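> Structural data only, the sequence is not supplied:
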């Protein structure tokens with residue numbers, strides 16, 4: 001059976017690839033991530049189709065703009081029926097709060113269920129050298145916690161962050177705060193272009209609420225077995 005804590009990434013650019021993987025995984029996976037590559041290629045129909053299959057959708061488009069524009073974008077995306085949306089925390093408190101407030105108000109007006117809104121902290125592809133190259137003086141983990149606390153203050157439901165920082169976020173933001181962790185790699189798999197990676201069990205033990213897993217599932221020789229092995233590892237951590 002599916003574990004709703006597992007979000008399988010659909011890092012494709014065609015509906016055919018999406019439909020093939022979702023059909024293959026069947027009931028093993030109930031939650032999927034639609035990112036920029038897929039959404040910019042096929043658009044809103046992929047979200048509609050996934051919802052018709054009874055799947056939850058994390059629409060990972062990382063909005064980052066002036067407050068009014070970001071809020072308008074989030075409200076447009078909300079109408080597609082995704083389960084979870086996100087913005088960049090580096091857009092600031094006002095942008096995050098405006099987006100969250102407008103989204104909740106529009107959902108109430110439309111009489112629809114409001115999706116979860118989370119904020120991207122620091123991309124898991126960024127290492128300390130990259131971070132310092134951006135002129136940042138504080139450690140990545142300190143910045144991540146600062147972003148998380150700001151997102152909570154702005155009324156967001158959680159953050160996207162590396163599981164390496166999940167324990168610090170959980171301590172700072174409480175048990176009900178969502179911590180969605182990409183950069184998940186089962187033991188023995190390649191890290192690819194991720195820098196701050198952990199295993200599924202480590203991520204959950206650190207306080208993550210959801211794990212985003214891409215290549216270790218969709219690029220596996222047997223995606224169903226790969227997903228089920230990840231779920232088995234997750235089941236050992238409650």
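Right, received. Where do you want to start? Treat the numbers as computed from the prediction; the structure is a model and nothing was measured.
> ranges for the strands of the chain?
For the chain, strands defined by DSSP state E occupy the ranges 6-9, 31-34, 56-63, 84-88, 116-120, 158-160, 178-181, 210-213.
> Figure out which of the ones you listed is closest to residue 201.
Counting by Cβ to Cβ, residue 201 lies closest to strand 210-213 out of the strands of the chain; the figure is 10.0 Å. Where you see a C-beta, it was placed from the backbone N, CA and C, and this is true even at glycine.
> Verify the stated contact: residue 55 with residue 21.
No - contact between residue 55 and residue 21 fails when scored by Cβ atoms under 8 Å: they sit 11.5 Å apart.
> packing partners for the lengthiest helix in the chain?
The helix that spans the most residues within the chain, counting by DSSP state H, is helix 93-110. Helices and strands touching helix 93-110, by 3 or more Cβ pairs under 8 Å, 6 or more residues apart in numbering; DSSP states H and E, are helix 67-78, strand 84-88, strand 116-120, helix 140-153.
> Give me the residues contacting it.
With Cβ atoms under 8 Å, 6 or more residues apart in numbering as the test, helix 93-110 has contacts from 63-68, 70-72, 74-75, 78-79, 85, 87, 89, 113-115, 117, 119, 150-151, 153-156.
> In that helix, which residues are buried?
95, 96, 97, 98, 99, 100, 102, 103, 106, 107 (16 or more other Cβ atoms under 10 Å).
> And for stretch 131-150?
131, 140, 141, 143, 144, 145, 147, 148, 149, 150.
> starting at the chain centroid, how far to that stretch?
Computed by Cα atoms, centre = their mean, to the nearest Å, the chain-centroid distance of stretch 131-150 equals 19 Å.
> So for the residue nearest the centre of the chain, what's the pLDDT?
Nearest residue to the geometric centre of the chain (Cα atoms, centre = their mean): residue 180, 5.1 Å. pLDDT recorded at residue 180 is 98.
> Kindly reformat the strands of the chain as JSON lines containing distance to residue 172.
What follows is the strands of the chain, written out as JSON lines (distance: least, Cβ to Cβ, whole Å):
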{"stretch": "strand 6-9", "distance to residue 172": "23"}
{"stretch": "strand 31-34", "distance to residue 172": "25"}
{"stretch": "strand 56-63", "distance to residue 172": "22"}
{"stretch": "strand 84-88", "distance to residue 172": "19"}
{"stretch": "strand 116-120", "distance to residue 172": "14"}
{"stretch": "strand 158-160", "distance to residue 172": "10"}
{"stretch": "strand 178-181", "distance to residue 172": "11"}
{"stretch": "strand 210-213", "distance to residue 172": "18"}
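> deepest of those, which one?
strand 158-160 (a mean of 27; mean count of other Cβ atoms under 10 Å).
> does residue 201 really touch residue 235, like I thought?
No - using Cβ under 8 Å, residue 201 makes no contact with residue 235, being 9.6 Å away.
> Which of those two has more residues huddled nearby?
residue 201 (18 against 13; other Cβ atoms under 10 Å).
> Residue 217: neighbour count?
Residue 217 has 26 nearby residues by other Cβ under 10 Å.
> likewise residue 237?
14.
> Quick check: it vs residue 186, distance?
Separation of residue 237 from residue 186 (Cβ to Cβ, to the nearest Å): 14 Å.
> do the same with residue 172
From residue 172 over to residue 186 (counting by Cβ to Cβ), the distance is 28 Å.
> Tell me, how many residues neighbour residue 111?
Neighbours around residue 111, by other Cβ under 10 Å: 6.
> Let me see the backbone angles for it.
Residue 111 adopts backbone torsions of phi 70, psi 30, taken as degrees, to the nearest 10.
> circling back: which one of the strands of the chain lies nearest to residue 48?
Once these are compared by Cβ to Cβ, strand 56-63 is nearest, at 9.5 Å.
> hmm, who's touching the closest one?
So strand 56-63 is contacted by 4, 7, 30-36, 39, 47, 50-51, 70, 73-74, 77, 80-88, 91, 99, 120, 160, 180, 210, 212 (Cβ under 8 Å, 6+ apart).
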